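S.K.: quick check, what structure comes out for this input:
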Amino acid sequence: ANEVCPVDAKEELLEECENIWKELEECQSKLMLLGVETMVQSDTKLALLMVQWKALTVDHQQWHERSPEIISTSPDVLLELGKEELQKVKNDLEMTLSAVWSKNKQLEEDLKREQQWYGEQKEMINTLNRIEEETKPQAEHLYKTRGLEELHKKMLTLKAYREELVSALGEFLEKHYPVPQNGKNKNFSAESDVELLALQDILEMLVNKLISTPHEPYITIDESFWPPYIELLLRFGMALRHPEDPNRMRLEAFHK
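M.R.: Here you go, the predicted structure:
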């Protein structure tokens, strides 16, 4: 009556094995979830986790298809063997879990570094944009200043060229068309004693009048205008008489 029935011992062992398998399935599910999260975070660790997952799947399938063999009918022996096997499985799962947690921690550190780098780059871009906005008006002002300087240089160049032309024209007129000496203006009174103008002075008057009042470019011909010079300007098309007043003339508008 004190001996244990082999049938009862077998049923007890099978029930204990089923409980152990349930615990193994729960651990395996947790490991699967943790492994999936880790694989999502890092594609570089995917290969290693897949190998571990396949190995665990194969082991689970083998244990699931394997029929328990009764090594001994002694419940104490079976219990010790079961404890040893469960301890081995527990150690393997703890090692795997530790490795996964270690990789997960490393991924978290990598993520923090990437976030820090992203923040630094974003701050740098904001700084560059602010500097660009601050220096944009200065750049536009500098561009306008350079444009004005170039225009001023061109104006100085044109002014120097104009002075050269005026000087050359003055020398030419002074040499070939000097101030009339002892000349009398037959168109005016013989008693008048007016100093006659040189051709250069007449041309300057015509040019200045045309520039200062382009809407009224005519000048009045008085006693100081020597008639041969007036005839010269009119004959060669350099000046035009007023259509209604013959005592007024203007410079031909060569610039139009």
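S.K.: report the separation between S29 and H60.
M.R.: Counting by C-beta to C-beta, to the nearest Å, the gap from S29 to H60 is 11 Å. C-beta coordinates here come from the backbone N, C-alpha and C atoms, glycine included.
S.K.: who's more crowded, those two?
M.R.: H60 (14 against 10; other C-beta atoms under 10 Å).
S.K.: in the stretch 151-256 of the chain, where is pLDDT below threshold?
M.R.: Low-confidence segments of the stretch 151-256 of the chain (pLDDT under 70): 182-193, 255-256.
S.K.: if you set the cut-off to 90 instead, what comes out?
M.R.: 151-156, 158-159, 161-195, 198, 200, 207, 211, 214, 253-256 (pLDDT under 90).
S.K.: where do the strands sit along it?
M.R.: Applying DSSP state E, counting those that start in this stretch to the stretch 151-256 of the chain gives strands spanning 219-220, 239-241, 248-251.
S.K.: packing partners for the host helix or strand of Q115?
M.R.: Under DSSP states H and E, the secondary-structure element containing Q115 is helix 75-176. Helices and strands touching helix 75-176, by 3 or more C-beta pairs under 8 Å, 6 or more residues apart in numbering; DSSP states H and E, are helix 6-41, helix 46-65, helix 199-212.
S.K.: tell me what the last one is packed against?
M.R.: This points to helix 199-212. Using 3+ C-beta pairs under 8 Å, 6+ apart, helix 199-212 sits against helix 75-176, strand 219-220, helix 227-235, strand 248-251.
S.K.: taking helix 227-235 as reference, get the angle to it.
M.R.: 50 degrees (axes from the mean of the first three to the mean of the last three C-alpha atoms, to 10 degrees).
S.K.: what sits up against helix 199-212?
M.R.: If you take C-beta atoms under 8 Å, 6 or more residues apart in numbering as the criterion, helix 199-212 is touched by 169-170, 173-174, 177, 197, 216-219, 225, 229-230, 232-233, 238-239, 249-251, 253.
S.K.: mind listing what L148 touches?
M.R.: Here L148 is in contact with no residue (C-beta under 8 Å, 6+ apart).
S.K.: and what of D245?
M.R.: Y218.
S.K.: related to what we said a few turns ago, between the helices and strands packed on helix 75-176, which one is closest to L86.
M.R.: Nearest to L86 among those is helix 6-41; the distance by C-beta to C-beta comes to 5.8 Å.
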